[in-house]
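[1] Mind folding the following:
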Amino acid sequence: ANDEFDLAEFNEGDYAEAVATKNLAEQITMVLYPNDSSVNGKELRLRQQYFLSSASLQDLLARYVSQFGEDFSQFSEHNVLQLNDTHPSIAVPELMRLLLDKYSLSWDAAWAITSQSMAYTNHTLLPEALERWSVPMMKNMLPRIVEIIFEINARYLEHVAHHWPGDIQKLASMSIVEEGPEQHIRMAYLAIVASFSVNGVAGLHTQLLKQGLFNDFYQLWPDKFNNKTNGVTPRRWLAYCNPKLSALICRRLGDEWINDLSRLTALNAFSSDKQFVKEWAQIKFENKQALSTFVKQQCDVEFDPLMMFDVQVKRIHEYKRQLLNILHVIHLYRRILSGDTQNMVPRCVLIGGKAAPGYAMAKQIIKLANNVAHMVNSDPLVTPFLRMAFLPNYNVSAMEKICPGTDLSEQISTAGKEASGTGNMKFMMNGALTIGTLDGANIEMLEEVGDDNFFLFGLDANQVAQARINYQPQHIVEHSTALNGVMSMLKSGHFNLVEPGIFNDIIASIIDPNDQWMTAADFDSYCLAQEQVAKTYLDQDSWQKISIRNTAASGRFSSDNTIAGYRDEIWMKK
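    Residues are numbered from 1 along each chain as shown. Model prediction:
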């Protein structure tokens, strides 16, 4: 704020107004991504996005001008702005505004610079996650920006009309401005139109963008589209967060792998070395001890390091299917109560993640996880075989403790819904085995590690699309002994004895023919894969060898490779 405190107003008794300017300014940075289920929340989100994008652009232009003057002919040779999803896409009209209004460029010159400087990374296949801003709200807050967006759209639609002459429906469906009772700006469309590169973040994700969500744009500009599979940094996600394993690897391979993760493939040669396997297993056990201490501190639940640690930590969303995981826990719980424990591998299930403030179903899933955990952990007949915790306040610092101590990584999203995932890579790098669907970067992980070292289950993206045509989850429940038993226990109120009906929406969603997450469809396949997990875990020598192979195969998922791809194939290739 220019004036944080107005002493005169304070002395006159207007205490609130004395600090009003400061409070207004602090709204920008106090909470990033506020709840946008209200008009005020939406306005604050847009204000934040505009403020941060404009500040970045003004800083960038000022530095360029200080070096090259106001000749912007070389601007795009020196600068690329990578739009990380739609949140900064307001930068497109803002750069135009600055070039037009501040530096007095012509429209054509400004657009040439903008469209040669912008590149867009899409991070979601969910249409509802693509930002749309109300035109009346934008006009009220950013009238000049709206003028520029409408002009961009008018000129772009001429190009569309030339490509599909006379196709009014195509013009409407591809327009940046969505018509309706209230006009909206489709920010993803704005980003695509203004960018010279559009990329997805995993092979399947990019393929589905081209075939589905952005197919019209792919037909119009096929050369814009490319893939850059996500990666994670080995410096943080192995060398730093797992020092004992890192030291073991360095003793055998040297330390060059830290900056060239492909060198980890050499670990395969040690998967038959009994001493190495023994040391590997001991380090995992010690990491599990540390994770047990952390879970006790955060959740007041005792995790036994001798049990298998089965972990799913990620943002809470229906497509990520924490619900499928919880249903499996209930399935195991029922088996234990019925005495079916022969050859059962004792496991500790950890779930963690945050829900968006206005996402009611996600919060119900968190509630269900906690209620199921309470019933599991409070029964002394169950805890020798099964324990469960929901980790509050999951964050990056927590993940640094979690991934080194994880045995089984849950990557169980509905096929065709996860763009990439990066937690899957962090777990793999630290030797966790993965149970997962053919979704996101799981596909490329499976390619690297091989079928025998990955627990695959469920429908693939094409099968999901086919199953939706005549999806009858109630029929699936009736013909699945396991799922029918789980649903009966849920409906009985066993997990909400003093809160009747609170899980009715969850129960209804599972048997809803319009359930796009296909939870019931994949349940039996998931349970079979979990039985294979348990069978493999019983043979600890085999499990540890597979763990080594997973770390050895993780080199492809270094962020060094990803950034090199952006550098060589986007930023330097214009």
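[2] show me where the stretch 201-350 of the chain has strands.
    Along the stretch 201-350 of the chain, counting by DSSP state E, counting those that start in this stretch, strands occupy 225-227, 308-313, 347-352.
[3] want to throw the ones you listed into CSV with mean pLDDT?
    Below are the strands of the stretch 201-350 of the chain laid out as CSV (pLDDT from 0 to 100):
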stretch, mean pLDDT
strand 225-227, 98
strand 308-313, 98
strand 347-352, 98
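[4] quick one, which of those is packed in tightest?
    strand 347-352 (a mean of 26; mean count of other C-beta atoms under 10 Å). (Each C-beta comes from the backbone N, C-alpha and C, glycine too.)
[5] how about CSV for the strands of the stretch 201-350 of the chain, with distance to residue 184 added?
    Formatted as CSV, the strands of the stretch 201-350 of the chain follow (distance: least, C-beta to C-beta, whole Å):
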stretch, distance to residue 184
strand 225-227, 24
strand 308-313, 34
strand 347-352, 35
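[6] Out of those strands, the one nearest residue 546 is which?
    Nearest to residue 546 among those is strand 308-313 (13.3 Å), distances taken as C-beta to C-beta.
[7] Check which strands are paired with the closest one and give the direction for each one.
    Using DSSP bridges, the strands paired with strand 308-313 are strand 347-352 (parallel), strand 408-411 (parallel).
[8] of all these, which lies closest to residue 203?
    Residue 203 lies closest to strand 408-411 among these, at 15.3 Å (C-beta to C-beta).
[9] got the CA coordinates for the very next helix or strand once past that closest one in PDB?
    Heading C-terminal from strand 408-411, the first helix or strand you meet, by DSSP states H and E, is helix 423-429. Output of helix 423-429 as PDB, limited to C-alpha atoms (Å, rounded to 0.1, in the frame of the first residue of the first chain):
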ATOM      1  CA  GLY A 423       3.900 -37.800  -6.600                       C
ATOM      2  CA  ASN A 424       4.000 -41.100  -8.600                       C
ATOM      3  CA  MET A 425       7.500 -40.200  -9.700                       C
ATOM      4  CA  LYS A 426       8.700 -39.200  -6.300                       C
ATOM      5  CA  PHE A 427       7.600 -42.500  -4.800                       C
ATOM      6  CA  MET A 428       9.100 -44.500  -7.700                       C
ATOM      7  CA  MET A 429      12.400 -42.600  -7.300                       C
END
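[10] Can you spell out which helices and strands pack onto helix 423-429?
    strand 408-411, strand 433-436, helix 442-449, helix 540-552 (3 or more C-beta pairs under 8 Å, 6 or more residues apart in numbering; DSSP states H and E).
[11] list the buried ones in the longest one?
    Pointing back at helix 540-552 there. 543-552 (16 or more other C-beta atoms under 10 Å).
[12] Please apply the same query to stretch 498-510.
    503, 506, 509-510.
[13] List the contacts of that stretch.
    With C-beta atoms under 8 Å, 6 or more residues apart in numbering as the test, stretch 498-510 has contacts from 318, 323, 327, 361, 364-365, 367-368, 473, 477, 487, 490-491, 493, 495-496, 515, 517, 519-520.
[14] do the same with stretch 322-336
    So stretch 322-336 is contacted by 312, 316, 341, 344, 347, 349, 351, 353, 365, 368-369, 372, 375-376, 381-382, 385-386, 388, 410, 412, 482-483, 485-486, 489-490, 495, 506, 509-510, 517, 519, 522-523, 526-527, 530 (C-beta under 8 Å, 6+ apart).
[15] now swap in stretch 450-469 and tell me
    Outside stretch 450-469, the residues within contact range by C-beta under 8 Å, 6+ apart are 204, 208, 412, 414-416, 433-439, 445-446, 516, 518, 521-522, 525-526, 528-530, 532-533, 536, 546, 549-550, 553.
[16] related to what we said a few turns ago, please name whichever of the strands of the stretch 201-350 of the chain is nearest to residue 72.
    Distance to residue 72, taken as C-beta to C-beta, is lowest for strand 225-227 among the strands of the stretch 201-350 of the chain, at 26.3 Å.
[17] Going toward the C-terminus from the closest one, what's the next helix or strand?
    Counting by DSSP H and E, what follows strand 225-227 is helix 234.
[18] quick revisit: show me how to select, in ChimeraX, the buried members of the contacts of stretch 450-469.
    Buried residues among the contacts of stretch 450-469 (16+ other C-beta under 10 Å), as a ChimeraX selection:
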select :204,208,412,414,415,416,433,434,435,436,437,438,439,445,446,516,518,521,522,526,529,530,533,536,546,549,550,553
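[19] if we can go back for a sec, could you flag which of the contacts of stretch 498-510 are buried?
    Counted by 16+ other C-beta under 10 Å, these give 318, 323, 327, 364-365, 367-368, 473, 477, 487, 490, 495-496, 515, 517, 519-520 as buried.
[20] Restricted to helices, list those residues.
    When DSSP state H is applied, those are split such that 323, 327, 364-365, 367-368, 473, 477, 487, 490, 519-520 fall in helices.
[21] what pLDDT does the most centrally placed residue in the chain get?
    For the chain, residue 421 is the residue whose C-alpha lies nearest the centre (C-alpha atoms, centre = their mean; 5.4 Å). For residue 421, the model assigns a pLDDT of 96.
[22] Name all residues that make contact with the nearest residue to it once chain neighbours are set aside.
    In space, and not counting its chain neighbours, residue 421 is closest to residue 440: 4.5 Å by C-beta to C-beta, 6 or more residues apart in numbering. Listed by C-beta under 8 Å, 6+ apart, the contact set of residue 440 reads 202, 204-205, 411, 413, 418-421, 424.
[23] now, which of the residues you listed sits nearest residue 173?
    Of the contacts of residue 440, the one sitting nearest to residue 173 (C-beta to C-beta) turns out to be residue 205, at 21.7 Å.
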